[in-house]
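Peer 1: The sequence and its predicted three-dimensional model are supplied below.
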Amino acid sequence: MRIGIIGAGQLGQMLGHAATDLGHSCYFLDPSTRPPAARVGPVIQARFDDPAALAILAEKCDVLTYEFENVAVDALVDVAKIAAVYPSPSALRHAQDRLTEKQLFERLDIPIPLYRPIESAQDLADAATAIGLPLVVKTRRMGYDGKGQAVLHEAGQIEDAWQALGGSALIAEQWVDFDYEVSAIGVRNAAGDIATYSLTQNEHAGGILRVSRAPVEDVALTERAERYIHRLLKHLDYVGVLALELFVLGEKLLANEFAPRVHNSGHWTIEGAATSQFTNHLLAITNQHPGPTGNLGHAGMLNLIGTIPQAVRQLDIGWLHDYGKTPRTDRKLGHITVVADSSEDRDRQLREISDIVTRSTGPEGTGA
Ligand code: AMP
């Protein structure tokens, strides 16, 4: 089949590799020159919401998907008249606004941190009183990798936070002193078949994912997360891969957000699971049964951010994925995956790689 992918970054690139392996061809739409996915298929160079360019992509393809969530929903609704769009624009609409996303979690009885919509500095002061400090202030739309966020530790910071972020619609959220963060990744096709991956433990620094480890060996947490992701997938009549990010607090799981797409915390599935998240996304959007999602070992993934040190290229452990991007501070340039027979061995290998990255770049290169 011909698959149209909106966005030609690293997720598009990895989707493109999986599509090629499945015998599909890919076309991309992206405004940048020489984006990572140009390696795997032709790219229409245009803005993501350019109706004419989207129509050209749809005419060329049997099915459309997207690699990131800041695509204009209305433009997708229009183009869905030409070719099927998965995940559906309505699923995307929920994920684009942190307020509607939280309201959806509440409707589905998925626990979340305390929060309030914010429309004024006074709302922020009221939220600080009602929820308590620290408080995380987030823009409702267009945030990623911790961008568009501020943490309030004391009431004296309210005015500054309002000045910095108040130009956009906001929410304020309880600061969660979590034990650790996990993501639950699931896939569903139009026939309603669902498969889920093992829970993945994620480490962030500066709002950016640094390291993921799977499986999380906690049966109760895994079952709870699976219930939540099943609810989401069914309620949204979802088609494709979805990643649900959660905070772990003792026995509790609190949902942070969901991404209606393949996700950085699922990159380990390329080498570490029976079927990768990329292959499963493609199987789902072409209405085939999801492939098996079992773990092939204890997997770890370390993002290579800002630079890919030469010493990492020379390593004889792990699988290096270089997206071919120009180095820039805080930019995800690649990742490296390890799969080991035990979690101890996996963690030893991750430490070894992390030490090499740190020696080459300083502590900013990795949060591991
Ligand atoms: P987000 O953009 O919402 O995914 O936030 C990026 C990262 O910031 C999360 O993965 C957490 O590490 C941290 N974070 C976000 N919201 C909260 C919160 N309410 N409490 C504690 N940490 C948070």
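Peer 2: On my side now, so go ahead. Just so it is clear, the structure is predicted and the values come from calculations on it, not from any experiment. Numbers count the residues shown, from 1 in each chain.

Peer 1: Tell me the buried residues in stretch 109-120?
Peer 2: If you call a residue buried by 16 or more other CB atoms under 10 Å, then stretch 109-120 has these buried ones: 110, 112-113, 115-116, 118. (Each C-beta comes from the backbone N, C-alpha and C, glycine too.)

Peer 1: Repeat that for stretch 118-138.
Peer 2: Applying a neighbour-count criterion of 16+ other CB under 10 Å, the buried positions in stretch 118-138 are 118, 123-124, 127-128, 131, 133-138.

Peer 1: Likewise for stretch 179-199?
Peer 2: Burial within stretch 179-199, assessed by neighbour count using 16+ other CB under 10 Å, is assigned to 181-190, 194-199.

Peer 1: quick one, what contacts the closest residue in space to residue 52 that isn't next to it in sequence?
Peer 2: Closest residue to residue 52 apart from its sequence neighbours, by CB to CB, 6 or more residues apart in numbering: residue 46 at 7.7 Å. If a contact means CB atoms under 8 Å, 6 or more residues apart in numbering, then residue 46 has 29, 31, 52-53 as its contacts.

Peer 1: rewinding a little: ok, and of the buried residues of stretch 109-120, which contact the ligand?
Peer 2: Taking CB under 6 Å from any ligand atom as the test, the ligand is in contact with residue 113 out of the buried residues of stretch 109-120.

Peer 1: Looking at the buried residues of stretch 109-120, spot the one nearest the ligand.
Peer 2: Within these, proximity to the ligand (CB to the nearest ligand atom) peaks at residue 113, which comes in at 4.9 Å.

Peer 1: Paired strands for the helix or strand containing residue 210, with orientation please.
Peer 2: With secondary structure defined by DSSP states H and E, residue 210 is part of strand 208-214. For strand 208-214, the paired strands and their directions (DSSP bridges) read strand 200-205 (antiparallel), strand 298-305 (antiparallel).

Peer 1: What backbone torsions are found at the closest residue to residue 178 other than its chain neighbours?
Peer 2: The spatially closest residue to residue 178, leaving aside those adjacent along the chain, is residue 247, at 3.8 Å (CB to CB, 6+ apart). Its backbone dihedrals place residue 247 at phi -100, psi 140, with angles given as degrees, to the nearest 10.

Peer 1: Make sure residue 247 is actually in contact with residue 112.
Peer 2: No. At 9.3 Å, residue 247 does not count as touching residue 112 under the criterion of CB atoms under 8 Å.

Peer 1: who touches both of those two?
Peer 2: Both residue 247 and residue 112 are in contact with 254, 256, where contact means CB under 8 Å, 6+ apart.
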